[in-house]
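1. Sharing a model that was predicted from the sequence below.
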Amino acid sequence: MITVGGFNTSIDKAMVTDALAPGAVNRVRDVRASPGGKGVHVALAVATLGEPVSLVGLVDAAHRRAFADGLGGRGVHFDAVDGPGGLRTCLAIHDRGGRVTEVLEPGPETDEPTRQALRARFLARAARSSVAVLSGSLPPGFPDGEYGALVAALRDAPVRVLVDASGALLAQAAGERPFLIKPNRDEAEALAGAAIEGPAAATKVARTLLARGPGTVVLSLGDAGAVAVADGYAAHARVGLEKTLNTVGSGDCLLGGVAVGLSRGLPLDEVLRLGVACGAANAMHAETGRFEKGTVEALLPRVQLTRL
């Protein structure tokens with residue numbers, strides 16, 4: 001079992017426009033809405049690969065049935081906690097030039113009973129899982145040390161905790177020695193205070209982050225793949241794609257693949273390969289945070305892995 005803490009769930013809206021013009025009226029088409037948030041994307045990736053997964057996150061009365069049906073129909077058990085306000089909406093606006101502009105709401109202000117319920121549900125499920133994932137931002141009201149506190153609370157449990165966050169939330173979690181952290185290029189640059197201009201530089205930054213406490217660092221690099229660094233190990237993996245449709249959520253799908261690889265006991269080379277194949281498969285799919293298992297299976301033999 002894999003448990004995902006994606007507390008700050010959202011309604012993801014994707015829409016298409018010919019050109020996005022700030023300060024002007026923009027008309028859109030092909031509007032799609034679906035359960036979203038980074039944790040949702042991770043959990044859906046896990047379920048697509050055929051592994052049992054539970055997601056702990058917020059819900060409101062207006063979207064309870066849509067989330068239960070939408071996620072349950074894709075193999076995700078949604079352990080929903082009723083929040084004090086409505087869910088946030090995250091917009092992804094695709095223009096004719098292939099650019100994607102994201103507009104992300106912060107989420108509802110949480111009260112202490114809601115925060116305690118999310119913590120308790122996550123810890124109870126994570127303690128019975130092989131892998132637990134803490135993914136994305138937190139709704140307002142949570143402290144910056146929240147992920148770190150949850151990592152520390154699971155230290156004596158037989159579970160590997162993975163963290164994907166940014167800023168102070170990630171920095172404090174890393175110091176509590178999670179099994180793995182997965183920053184993207186921007187998050188890693190901000191945390192390490194160094195620029196990343198390729199796999200070699202990414203590996204150097206990942207080693208810097210490794211010294212902060214986590215057991216493994218997987219640093220995602222967009223279409224350049226990802227690097228993974230652990231004690232005595234460093235590798236870069238990527239797969240070339242002729243065409244991409246939507247890269248939003250690819251880092252989340254990469255993390256979902258990594259979680260599945262670890263749960264299956266694969267060696268780190270194969271964990272990284274699977275993660276990169278899942279991220280690339282998402283980029284080939286029009287929907288955010290979605291891919292087909294068959295696409296991953298077709299991409300896996302094409303993933304190039306180089307030890308560094």
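-> It's in. Residues are numbered from 1 along each chain as shown.
2. and stretch 200-209, how far out from the chain's middle?
-> 20 Å (Cα atoms, centre = their mean, to the nearest Å).
3. show me what contacts Gly141?
-> Contact analysis of Gly141 by Cβ atoms under 8 Å, 6 or more residues apart in numbering lists 109-112, 114-115. All C-beta atoms are positioned from the backbone trio N, CA, C, and that covers glycine.
4. can you give me the helices for this protein?
-> 38-48, 64-72, 112-126, 146-153, 167-174, 185-192, 199-210, 250-263, 268-283, 293-299 (DSSP state H).
5. Go through stretch 54-63 and flag the buried ones.
-> 54-60, 63 (16 or more other Cβ atoms under 10 Å).
6. Show me where the stretch 1-150 of the chain dips below the pLDDT cut-off.
-> Judged by pLDDT under 70, the stretch 1-150 of the chain has no weakly predicted residues.
7. try 90
-> Residues of the stretch 1-150 of the chain meeting the criterion pLDDT under 90: 12-24, 26, 28-34, 62, 83-86, 89-105, 107.
8. Which parts of it are strands?
-> In the stretch 1-150 of the chain, the segments counted as strands under DSSP state E, counting those that start in this stretch are 2-5, 10-16, 29-36, 53-59, 76-82, 88-94, 100-104, 131-135.
9. Look up how far Ser135 lies from the residue with the shortest distance to the centre of the chain.
-> When Cα atoms, centre = their mean is applied to the chain, the residue found nearest the centroid is Asp252 (2.9 Å). When Cβ to Cβ, to the nearest Å is applied, the distance between Asp252 and Ser135 equals 7 Å.
10. Then Lys38?
-> 5 Å.
11. same thing with Gly148?
-> 15 Å.
12. Looking at these two, which one has more neighbours?
-> Ser135 (29 against 25; other Cβ atoms under 10 Å).
13. OK, contacts around that one?
-> 4-6, 38-39, 42, 163-165, 252, 255 are the contacts of Ser135 under Cβ under 8 Å, 6+ apart.
14. Make TSV out of these and add distance to Ala188.
-> Shown next, in TSV, are these (distance: Cβ to Cβ, whole Å):
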residue	distance to Ala188
Val4	22
Gly5	21
Gly6	21
Lys38	16
Gly39	20
Val42	18
Val163	13
Asp164	12
Ala165	12
Asp252	16
Leu255	14
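15. if we can go back for a sec, looking at the strands of the stretch 1-150 of the chain, spot the one closest to Gly222.
-> strand 100-104 (12.2 Å; Cβ to Cβ).
16. Leu150 and Thr3 touch, don't they?
-> No: counting by Cβ atoms under 8 Å, Leu150 sits too far from Thr3 to count as a contact (11.1 Å).
17. Can you check which residues contact both of these two?
-> 122, 126.
18. With distance to Ala92 as added columns, please give the helices of the chain in a markdown table.
-> Formatted as a markdown table, the helices of the chain follow (distance: least, Cβ to Cβ, whole Å):
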| stretch | distance to Ala92 |
| --- | --- |
| helix 38-48 | 12 |
| helix 64-72 | 17 |
| helix 112-126 | 25 |
| helix 146-153 | 25 |
| helix 167-174 | 22 |
| helix 185-192 | 17 |
| helix 199-210 | 26 |
| helix 250-263 | 13 |
| helix 268-283 | 13 |
| helix 293-299 | 20 |
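19. Can you say which of those helices is nearest to Val31?
-> That would be helix 64-72 among the helices of the chain, by Cβ to Cβ, at 15.4 Å.
20. now the angle between strand 10-16 and that closest one, please.
-> 80 degrees (axes from the mean of the first three to the mean of the last three Cα atoms, to 10 degrees).
21. Against Phe142, how distant is Gly107?
-> Applying Cβ to Cβ, the value for Gly107 to Phe142 is 10 Å.
22. out of those two, which sits in the busier spot?
-> Gly107 (26 against 20).
23. Next, the residue lying closest to that one once chain neighbours are set aside: phi, psi?
-> Nearest residue to Gly107, sequence neighbours excluded (Cβ to Cβ, 6 or more residues apart in numbering): Pro139, at 3.4 Å. Main-chain torsions, Pro139, degrees, to the nearest 10: phi -70, psi 150.
24. and Pro139, how many residues sit next to it?
-> Pro139 has 25 neighbours, counted by other Cβ under 10 Å.
25. mind listing what it touches?
-> 7-8, 58, 83, 88, 106-110.
26. rerun at 10 Å
-> 7-10, 57-58, 83-85, 87-88, 105-110, 114-115, 118 (Cβ atoms under 10 Å, 6 or more residues apart in numbering).
27. just to revisit the earlier point, any residues in contact with both of Lys38 and Ser135?
-> In contact with both Lys38 and Ser135: 4, 6, 8, 164-165, 251-252, 255, using Cβ under 10 Å, 6+ apart.
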